[in-house]
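Student: Task: produce atomic coordinates for the following.
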Amino acid sequence: MAKDPAFLFYATDFYEGTRMMLPEERACFIDLLIYQHQHEFIPTDLKRVAMYCAGINEATLKATLEAKFKLCDKGWYNEKMQTVVLERKSFSNKQSVNGKIGQFWKKSKAILNKKEYVRLRETLVNTTNIDLLNLIKETVIDKAMLIAMLKHLEDEDRNEDVIKKEELIFPFDSEDFKSHWGILVKQAKWKNKSPEALQAALKKLSIVKEEVATQAILDSIAGNYQGIFPENVKIGNNGQFTEN
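Tutor: Numbers count the residues shown, from 1 in each chain. You can find the predicted model right below:
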């Protein structure tokens with residue numbers, strides 16, 4: 001575990017948890033927390049640990065460990081400290097990722113023209129920061145790299161569209177319907193659906209008129225829905241759902 005130079009200290013929790021401890025026990029507790037923070041686990045060799053807790057006898061050390069720490073196969077640990085360390089590490093990692101992604105977009109905006117930048121944004125709209133970081137790590141961000149990346153991503157999108165169109169049976173042949181469907185399956189909640197799930201959605205749309213099916217697709221996109229609900233579409237003068 002990397003040595004983080006600091007950890008959050010919750011004063012109220014510490015006070016409430018140590019108010020009945022003797023001064024030497026409280027001092028021992030702080031020393032042990034610091035040791036855990038720097039080394040992850042406290043050794044079971046009490047004589048060695050006592051050297052770290054200066055001026056504390058072995059009986060006090062043992063009593064403090066048993067009162068405030070748990071023993072596992074790796075040694076002693078305090079649950080609260082373990083949680084605080086993991087939360088801080090997770091937050092630091094997230095901040096690091098966000099910072100690197102922010103720098104990527106800043107450089108991209110400076111290097112690419114407006115049209116190219118917008119295309120790159122649209123192509124990566126459903127890509128998580130972690131996935132994007134994996135795409136750009138250990139790579140020099142320059143125009144050649146960004147243009148190549150954009151072309152690669154657009155080619156992948158085209159290939160996915162071709163595969164999905166070849167595999168699926170559409171209830172309507174119009175380009176308007178297929179265009180709206182293509183937008184739907186690129187949404188975050190749809191892009192990883194299996195061909196079987198997509199075909200089931202198309203089958204559900206096949207029992208209604210094309211305008212109802214198209215509106216159901218638009219409703220799903222607008223509402224960021226995981227499913228599609230033609231039965232909720234209201235079309236016509238009477239505002240009622242219409243079937244084929």
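Student: can you give me the helices in the chain?
Tutor: For the chain, helices defined by DSSP state H occupy the ranges 11-18, 23-39, 46-52, 58-68, 79-111, 114-123, 129-136, 143-167, 175-184, 195-205, 210-223.
Student: Now do the same contact list for E210.
Tutor: By CB atoms under 8 Å, 6 or more residues apart in numbering, the contact set of E210 is 171-172, 174, 177. Where C-beta positions appear, they are placed from N, C-alpha and C, glycine not excepted.
Student: and the two most separated of those residues?
Tutor: Largest separation among the contacts of E210 by CB to CB: P171 and S174, giving 10.4 Å.
Student: The two - which one has more neighbours?
Tutor: P171 (17 against 11; other CB atoms under 10 Å).
Student: nearest residue to that one other than its sequence neighbours?
Tutor: Distances taken as CB to CB, 6 or more residues apart in numbering place S206 nearest to P171, at 3.4 Å, with adjacent residues excluded.
Student: Report how many residues lie close to that neighbour.
Tutor: Using other CB under 10 Å as the criterion, S206 is surrounded by 15 other residues.
Student: ok, now G75?
Tutor: Look at G75: counted by other CB under 10 Å, it has 19 neighbours.
Student: hang on, it packs against T44?
Tutor: Yes: counting by CB atoms under 8 Å, G75 does reach T44; the two are 5.7 Å apart.
Student: Looking at the contacts of E210, which one is closest to F91?
Tutor: F177 (45.6 Å).
Student: Which residues are in contact with the closest one?
Tutor: Residues near F177 by CB under 8 Å, 6+ apart: 170, 210, 213-214, 217.
Student: which of the residues you listed has the most neighbours?
Tutor: A213 (25 neighbours).
Student: how near is the closest residue to that one other than its chain neighbours to P5?
Tutor: If the residues on either side of it in the chain are set aside, A213 comes closest to L205, at 3.9 Å by CB to CB, 6+ apart. Using CB to CB, to the nearest Å, one obtains 58 Å as the distance from L205 to P5.
Student: who's more crowded, the two?
Tutor: Between L205 and P5, counted using other CB under 10 Å, L205 has the larger neighbour count: 21 against 6.
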